[in-house]
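Asker: model the structure of this input:
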Amino acid sequence: MSSGCTGHCCASFCIPQSPAQLAEMALDPDDLDAAFLRDALVDAELLFDGRWGYECRHFVRDEPGARTGRCSVYEARPAMCRDYPYGKPCTHPGCTLDPDARPDVVVGALLRRAR
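Answerer: Reported below is the predicted structural model:
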């Protein structure tokens, strides 16, 4: 994600795994995405529907209070981030993601595990 992105998908997103589950998954030396997410996600909150809401510490605003920013680890981001929005249009109002710039992709490994 380059500067100019609104970061809706980084500032607030949900996955079914709790912080404890991410920590357990990160023990697998072959699961680099789980280890990355365990260390990147902050402000975990259990939502009413049983999913966990997170923020990513790697999304850096262009300046304090700015509406736009960038991913500070863009080149090393996990599959969940690379694959977003999983071949569908982004549903966040005001998203600046260019849907024509992204190939259709499948849901990342963490989301597939949750099914």
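Asker: name the residues of stretch 67-79 that are buried.
Answerer: Going by neighbour count (16 or more other CB atoms under 10 Å), the buried part of stretch 67-79 is 69-71, 73, 77-79. C-betas here are computed from N, CA, C, even on glycine.
Asker: turn those into TSV, columns for pLDDT and distance to Ala40.
Answerer: As requested, those are arranged in TSV below (pLDDT from 0 to 100; distance: CB to CB, whole Å):
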residue	pLDDT	distance to Ala40
Gly69	84	15
Arg70	85	15
Cys71	87	10
Val73	87	8
Arg77	84	9
Pro78	81	8
Ala79	82	13
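Asker: in a markdown table, list those residues along with secondary structure and distance to Tyr54.
Answerer: As requested, the buried residues of stretch 67-79 are exported to a markdown table (DSSP: H, G, I helix; E, B strand; the rest coil; distance: CB to CB, whole Å):
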| residue | secondary structure | distance to Tyr54 |
| --- | --- | --- |
| Gly69 | strand | 16 |
| Arg70 | strand | 18 |
| Cys71 | strand | 15 |
| Val73 | coil | 15 |
| Arg77 | coil | 14 |
| Pro78 | coil | 13 |
| Ala79 | helix | 16 |
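Asker: and which of these is nearest to Gly87?
Answerer: Nearest to Gly87 among these: Ala79, at 13.6 Å, using CB to CB.
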